[in-house]
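*Asks:* structure, please.
(chains A and B)
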Amino acid sequence: MRRPLAVALAVLALLTACTSHKQHPDQDDVPAPGTLRVLASSELGDMTPVLEQVRQDTGITVRPTYIGTLDAVDLLAEGRADGRYDALWLSSNDYLRLRPEAAKKVVSETPVMSSPVAIGVRPAAMARLHWKPDQVTWAQIGQAVQDGRLTYGMTDPARSNSGFAALISVASALSGAQSALTDADVAKATPRLKQFFKGQKLTSGSSGWLATAYARRGDVDALLNYESVLKGITGLTVIRPRDGVVTADYPLASLAATDAATREDVRRLAGALRKPAAQRLITERTHRRPVVAGVALAPGLDTSRRRELPFPGSRSVADGLLDAYENELRRPSRTVYVLDTSSSMEGDRLARLKKALTDLTGDFRDREEVTLMPFGSDVKNVTRHVVSPSDPQAGLAGIRRDTAALRADGNTAIYTSLEKAYDHLGAGGDTFTSIVLMTDGENTSGARADEFDAFYGRLPRDRQDIPVFPILFGDSSRGELTHIADLTGGRLFDARQGSLDGAFEEIRGYQ
Amino acid sequence: MRRIAGIVLAVLLIGGVVAAVVAGRHGEDKGTATKTVRGVIGSEKADFFADPDVVNALAAKGYTVTAETSGSWAMEGLDLKGYDFAFPSSQAPADALSGKYHVRQPLPRPFYSPLVVVAHRSAAEVLTANGLATLDAPHRGTLKMAAYLDAARHDRTWQQLKGASRYGELTGTLFIVTTDPDTSNSGALYLAAASYVAAGGRVASSDADVDRTAPLMRKLVSVQGAQQSSSDAPFRGFLSGAGNPLVLVYESQVAALLQQHQDAADLTVFYPDTTADSDHTVVPLTRTGRDLGELLSTDPTLRRLAVRHGFRPQGDSTEFTAATTSGTDYLNQKLTGVRQAPVPTSAVLHEMARRARG
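*Replies:* Numbering: from 1, shown residues only, chains lettered A, B, ... in the order given. Purely as a prediction, here's the structure:
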């Protein structure tokens, strides 16, 4: 089974490098008195003002390292969090508890606040659909998608808590399951879920980029995410569907591998976060819901209750649903890898590229189309591979074969090669289409930056929606690559701070 | 099989010794030399031992208590050498521990708390209207366990109950959310009470007894999906307006809340007509540990402070009754009409939990 996770540590290093709340990876290993090294869900970046207040009150500083839930669970289960982190703070520990090797690393859990999965809809779409926010059900949302009247974006469930929770919500609601999801429920709902995920026009490895891409696109009607995230995006009508939600409860957890003094600090931190004043600050600043009696919800948060859709009680159901999403339910991805194989890549760099690409073949999904476009002074060749569900190994073997054959020579024609990638992709079709650009140097031949800008400006609208995800590597220019990412609506990944493997792996969440 | 569960628990336990609540900082003495007492306690008593007034009261009697928390069921797998006492949350693990460490009976049982089910007004109304519960005061009622188990056996949904359609959140299978019975005390006690009722008032004492109720116990657990490991989490979810309509908690959690917030507005407490008590039992491992256990049972200040944290001191009920008079709308002070289900031995209960988790 090709589970879409893995390479947790590399991703972790990368995440730290890429998130806006930057931590130098090396610092994570250094314990400091009064400072808790916390492995945390990335959306907790919005807790900064609350944590600052808590620091003033208790003297405890929280140093977060942001990570996806599934990667965190892998890290714990494999013992790689031992001694490196003092506490764990994910949006939910439901998945963690399905993995006994990870669960036994956790000592005590204190839920701090809550936020349900919701859908945020543009005003124009609300008007078109004649929806009353407090009456909408997942079934209606599914129908609107099926009728072609609603499109949306959500994060990748294998990499982001919000995407995972959204997937569980939709699967529970559309399967008609009356209690916790079973394998049979998932199988029964598969046709409806396929329809539903046809409406997904945006995917992302993080909530932050999803919001940016949504604002840029303008033609996506809605976002699925936590209520707290959606309330932070102006102009969205936030709907908690009537037929049920999955709620994150953000447990702050102490870890078995830490000493008693550290666990006491975690307990004090949890206690401070549950004080009424902190709970008020949380709901006002982050739009989450308090978990102590007597603290009112922030204005704008609706008090009516919703059925809680249970999280699956077995790993086979949870992993089976993820697997179905990646390989069967979601729209497939279509990617061109524009790979610098100029002469400067000779030696170690080329070896690292080959290793990273070869490792990645363990992660490609069924139905995925992968095109390799190595370049030097010009594009050297174009090979297209499809991971066919009937024989996935054939396509993957082809990718490995072409990777092994890469040779380093020639200059660096970045822009000419990108133009050819856009030409190759043509119109998007029913796929998530993107370009990955890996280069270790600056543009030295072929089209210039301004010529590429003009080329891009002339592309039809639907092709302008194809983002380029550049990877900073070797001696490439941050300025040049940032410009390409900004122009095309992509995002820059830094393989100089993390690793090339990690960068390729993290980009998977955006494909 | 049981052995496997035991090993899992033992492992949990090694990780389970926890958060040292170092008490005693505030409690410097009046010239008396204080004795440091080391113990392992169930997590629901962590707030009690961390309460500065408790620390002071203990210091006044010459004790500094250092408590680490652990799941009650995990204590059996722990090496308690060097500890003065263990303080699990129910009698079955306490009995197992006292056997293991050859502790003299009787064991001090300073306080207890029955299991209750909390619901919002909407769910309370529907349960009552459909004969699953009675309402005895504005915010207090009795849950009819036999009727509830019958509903569970037939996969009854809220939609099938009359009056539920008025409330959007009341859909899906009718069930009570509990903690994981394999690792957590309240979840295990829930199975003890439910299996006792399902077996017609017989306490399970053999594998054959466990077999007979296993399918129903399995159902009670599997409908819930993922379960939490401590009753704090589902109760917090309930307070934040999220989660399942019916949640199993300790009465002490509600009683502690009521003493802080007189206005717990939309909260109804159902006492199951057959329930299990969480008997907070001290297992003394040293002479000092026994002295502490006796002190917690008899010292008026400590008994009063236990009530502040929602517990019912053993024996005389006047302290609890006096402190909760303003909460009588919510609390069944005398536990009228509540029958106490006997709890199977630790080994049988473990097996029951394991089978229910599947």
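*Asks:* use CA for all of it now, contacts and neighbours both
*Replies:* Fine.
*Asks:* okay, residue A:480 and residue A:487: tell me how far apart.
*Replies:* 11 Å (CA to CA, to the nearest Å).
*Asks:* and if you look at residue B:125?
*Replies:* Where residue A:487 is concerned, residue B:125 sits at a distance of 58 Å (CA to CA).
*Asks:* what of residue A:146?
*Replies:* 32 Å.
*Asks:* run a quick neighbour tally on residue B:183.
*Replies:* Neighbours of residue B:183 under the rule other CA atoms under 10 Å in any protein chain shown: 24.
*Asks:* which phi and psi values does it adopt?
*Replies:* Residue B:183 adopts backbone torsions of phi -130, psi -10, taken as degrees, to the nearest 10.
*Asks:* which non-adjacent residue is nearest residue 346?
*Replies:* Reading this off chain A. Closest residue to residue A:346 apart from its sequence neighbours, by CA to CA, 6 or more residues apart in numbering or on different chains: residue A:408 at 5.2 Å.
*Asks:* you answered for a different chain; I wanted chain B.
*Replies:* Computed as CA to CA, 6+ apart, the closest residue to residue B:346 that is not its neighbour in sequence is residue B:92, at 5.1 Å.
*Asks:* that older thread, helix, strand or coil: sort out the residue nearest to residue A:346 for me.
*Replies:* At residue A:408 the chain is in coil, as set by DSSP: H, G, I helix; E, B strand; the rest coil.
*Asks:* give me the low-pLDDT residue ranges for chain A?
*Replies:* A:1-30, A:428 (pLDDT under 70).
*Asks:* now name the helix or strand holding the residue of it found nearest chain B.
*Replies:* Residue nearest to chain B within chain A: residue A:313 (3.7 Å; CA to the nearest CA). According to DSSP states H and E, residue A:313 maps onto no helix or strand at all.
*Asks:* spatially central residue for chain A, please.
*Replies:* residue A:205 (1.9 Å; CA atoms, centre = their mean).
*Asks:* apart from its neighbours in sequence, what residue is nearest it?
*Replies:* Here the residue nearest residue A:205, using CA to CA, 6+ apart, is residue A:509, at 4.1 Å.
*Asks:* got phi/psi on the one you found?
*Replies:* The phi/psi pair for residue A:509 (degrees, to the nearest 10) is phi -70, psi -20.
*Asks:* can you count the residues close to it?
*Replies:* Applying other CA under 10 Å, we find 19 residues neighbouring residue A:509.
*Asks:* next: residue B:94.
*Replies:* Counted with other CA under 10 Å, residue B:94 comes out at 26.
*Asks:* what's the answer for residue A:58, then?
*Replies:* By the criterion of other CA under 10 Å, residue A:58 has 14 neighbours.
*Asks:* for residue A:386, same thing?
*Replies:* 22.
*Asks:* tell me which residues touch residue B:104, please.
*Replies:* For residue B:104, the contact set (CA atoms under 8 Å, 6 or more residues apart in numbering or on different chains) comprises residue B:98.
*Asks:* can I get the CA coordinates of stretch A:243-259 in PDB?
*Replies:* C-alpha atoms of stretch A:243-259 as PDB (Å, rounded to 0.1, in the frame of the first residue of the first chain):
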ATOM      1  CA  ASP A 243     -26.100  17.500   9.500                       C
ATOM      2  CA  GLY A 244     -22.900  17.500  11.500                       C
ATOM      3  CA  VAL A 245     -19.400  18.600  12.100                       C
ATOM      4  CA  VAL A 246     -16.100  17.200  13.300                       C
ATOM      5  CA  THR A 247     -14.600  19.400  16.000                       C
ATOM      6  CA  ALA A 248     -11.000  19.900  16.900                       C
ATOM      7  CA  ASP A 249     -10.300  20.200  20.600                       C
ATOM      8  CA  TYR A 250      -6.600  21.200  20.600                       C
ATOM      9  CA  PRO A 251      -5.300  19.000  23.500                       C
ATOM     10  CA  LEU A 252      -2.000  20.200  25.000                       C
ATOM     11  CA  ALA A 253      -0.200  16.900  25.800                       C
ATOM     12  CA  SER A 254       2.800  16.200  28.000                       C
ATOM     13  CA  LEU A 255       5.200  13.500  26.800                       C
ATOM     14  CA  ALA A 256       6.400  10.300  28.600                       C
ATOM     15  CA  ALA A 257      10.000  10.900  27.400                       C
ATOM     16  CA  THR A 258      10.300  14.200  29.300                       C
ATOM     17  CA  ASP A 259      11.200  14.700  33.000                       C
END
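*Asks:* what's the local residue count around the residue of chain A closest to chain B?
*Replies:* 23.
*Asks:* who's in contact with it?
*Replies:* Counted by CA under 8 Å, 6+ apart, residue A:313 has contacts A:98, A:180, A:181, B:222, B:224, B:225, B:226, B:227.
*Asks:* residue A:403: which of those residues is nearest?
*Replies:* Closest approach between the contacts of residue A:313 and residue A:403, by CA to CA: residue A:98, at 37.2 Å.
*Asks:* so which elements touch the helix or strand residue A:456 falls within?
*Replies:* Per DSSP H and E: residue A:456 is located in helix A:449-458. For helix A:449-458, the elements it packs on are helix A:414-425, judged by 3 or more CA pairs under 8 Å, 6 or more residues apart in numbering or on different chains; DSSP states H and E.
*Asks:* now do the helix it packs on against helix A:449-458, angle only.
*Replies:* For helix A:414-425 against helix A:449-458, the angle by axes from the mean of the first three to the mean of the last three CA atoms, to 10 degrees is 20 degrees.
*Asks:* what residues sit buried inside helix A:414-425?
*Replies:* For helix A:414-425, the neighbour count (16 or more other CA atoms under 10 Å in any protein chain shown) marks A:414, A:415, A:416, A:417, A:418, A:420, A:421, A:422, A:425 as buried.
*Asks:* correct me, but the second one touches residue A:447?
*Replies:* Just to be clear, that refers to residue A:415. Yes. Shown here, residue A:415 and residue A:447 form a contact pair, counting by CA atoms under 8 Å, at 5.4 Å.
*Asks:* need the pLDDT of the nearest residue to residue B:43 once chain neighbours are set aside.
*Replies:* Among residues not flanking residue B:43 along the chain, residue B:69 sits closest, at 5.1 Å (CA to CA, 6+ apart). On pLDDT, residue B:69 comes in at 79.
*Asks:* kindly report the same for the one 4 residues further on.
*Replies:* Residue-level confidence at residue B:73 comes out at 80, pLDDT.
*Asks:* residues contacting it?
*Replies:* Taking CA under 8 Å, 6+ apart as the test, what residue B:73 contacts is B:9, B:88, B:93, B:183, B:184, B:185.
*Asks:* out of these, who's the most crowded?
*Replies:* residue B:88 (32 neighbours).
*Asks:* I'd say that residue and residue B:186 touch.
*Replies:* No. At 11.7 Å, residue B:88 does not count as touching residue B:186 under the criterion of CA under 8 Å.
*Asks:* work out for me the element residue B:92 sits within.
*Replies:* Short version: residue B:92 belongs to helix B:91-100, going by DSSP H and E.
*Asks:* where's residue B:330, which helix or strand?
*Replies:* Counting by DSSP H and E, residue B:330 is part of no helix or strand.
*Asks:* ignore what I typed, I meant residue B:39.
*Replies:* Counting by DSSP H and E, residue B:39 is found in strand B:35-41.
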